[in-house]
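Novice: below are the sequence and a predicted model for it; my questions follow.
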Amino acid sequence: MFIIGLGTATPPNRYAQSECWEALRAAKQFSQLTGRSKAILKKVLLGDNGIATRYLALDPLDEAFDLTPDALHSRFTKHAPAMAAQAATSALKDASLQPDAIDAVIVSTCTGYLCPGLTSYTTERLALRPDVLTLDLVGQGCGAALPNLRAAEALVSSGRCGKVLSVCVEVCSAAFYLDNDPGVLISACLFGDGAGAAVLSNKPAPGKRGIEWKTADSILSPEDRDYLRFEYRNGMLRNILSRQVPALAAKHAGRLLARMLANSGASRTQISGWILHAGGREVLLAMQERLGLTERDLRWSGAVLQEFGNLSSPFVYFVLQAALSENAPGGLWWISSFGAGFSCHGALLGVE
């Protein structure tokens, strides 16, 4: 399988972390928080936490504090189909393909629920063929891009589909929640909104840089499930984010990389590109230490985190796009994500 097109999308409005702090201070919910909670928010939003700005589907910013189930669902319903279609259109353009060339579309999300799912809206907005195979994947959190791409690989390698459109979209501002739990407070400061898309093909695109999907693998660790997940409270999604997550993500990424290198016969020194999901600065630091990486190895993940925040599942599409835009040297690249499950995923890409 080859990645022959990439696209990304965000809402139009980008907010500095300092603007988010001022909006929080003015919100009625702020006065209901404890002094410790206010101190956590101030430290994360005004300190050096690796995030400078975030794109949010909010206009104005204080829409964030309309915290009712109906308002949050309405935000997801309005923005998720639009961003998914925008990213997919960009990926099709990058692949120089018309919509009728697509045989299957796979859409992943975890920040809202629609029935029919987002594939119905994406198919309509892109004018895909009426016989296109549609798969909606939910509940895989920030790690969803790699399972989505592995599903595409199954369709392509089996010969059932020649061209597959992979989309991840998250409206994290539709899963906003506030209370005095430190994980909830930090989540409110980290996540941004966005979508990423890729066109997968059984053949490389002529005249373009080749990106071949070599092999992939995953680790699922249900005993760690409660460290990172959504729960429903008062009819709304509430993120559980535990302080163990950075170490867990790094541990599983290290195990997965070692297993994939052993199975593929490749060596660690052959990997020249690192396309990693960054849950936050602490995750990147833990990955750097565990995998023996340099700051330069993590520069694309760090740059995406700095500008966009934690985009959840679309994050790795943004990182891959950043590396390609920089015309990074070819060779063997490792793309990896982690998320709910607790799960960790990886794939080796052969990049020309």
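Specialist: Noted; the coordinates are in hand.
Novice: run a quick neighbour tally on residue 40.
Specialist: Using other CB atoms under 10 Å, residue 40 is surrounded by 20 other residues. C-betas here are computed from N, CA, C, even on glycine.
Novice: count of residues packed around residue 267?
Specialist: Neighbour count for residue 267, taken as other CB under 10 Å: 9.
Novice: kindly apply the preceding question to residue 276 instead.
Specialist: Based on other CB under 10 Å, the number of other residues close to residue 276 is 28.
Novice: over to residue 100?
Specialist: 12.
Novice: so who does residue 140 touch?
Specialist: Each residue near residue 140 by CB atoms under 8 Å, 6 or more residues apart in numbering is listed here: 108, 110, 147, 313, 339, 340, 341, 343.
Novice: the fourth one: which element?
Specialist: The reference is to residue 313. Using DSSP states H and E, residue 313 sits in no helix or strand.
Novice: now it: how far from residue 277?
Specialist: Counting by CB to CB, to the nearest Å, the gap from residue 313 to residue 277 is 9 Å.
Novice: tell me how many other residues crowd residue 59.
Specialist: 10.
Novice: surely it is in contact with residue 13?
Specialist: Yes: Residue 59 lies in contact with residue 13 (CB atoms under 8 Å); the separation is 5.4 Å.
Novice: distance check, residue 205 against residue 341.
Specialist: For residue 205 relative to residue 341 (CB to CB), the value is 33 Å.
Novice: just to revisit the earlier point, identify the contacts common to residue 313 and residue 277.
Specialist: Common contacts of residue 313 and residue 277 (CB under 8 Å, 6+ apart): 142, 143, 145, 337, 339.
Novice: of those residues, which belong to helices?
Specialist: residue 145 (DSSP state H).
Novice: highest neighbour count among the shared contacts of residue 313 and residue 277?
Specialist: Compared across those, residue 337 has the highest neighbour count, 33 neighbours, by other CB under 10 Å.
Novice: neighbours around the nearest residue to residue 312 once chain neighbours are set aside, how many?
Specialist: The spatial neighbour of residue 312 that comes closest, neighbours along the chain excluded (CB to CB, 6 or more residues apart in numbering), is residue 170 at 4.1 Å. Look at residue 170: counted by other CB under 10 Å, it has 32 neighbours.
Novice: ok, residue 170 - contacts?
Specialist: 80, 109, 110, 111, 191, 193, 194, 195, 311, 312, 313, 314 are the contacts of residue 170 under CB under 8 Å, 6+ apart.
Novice: in this structure the second one contacts residue 175, no?
Specialist: It stands for residue 109. No: counting by CB under 8 Å, residue 109 stays clear of residue 175, with 10.4 Å between them.
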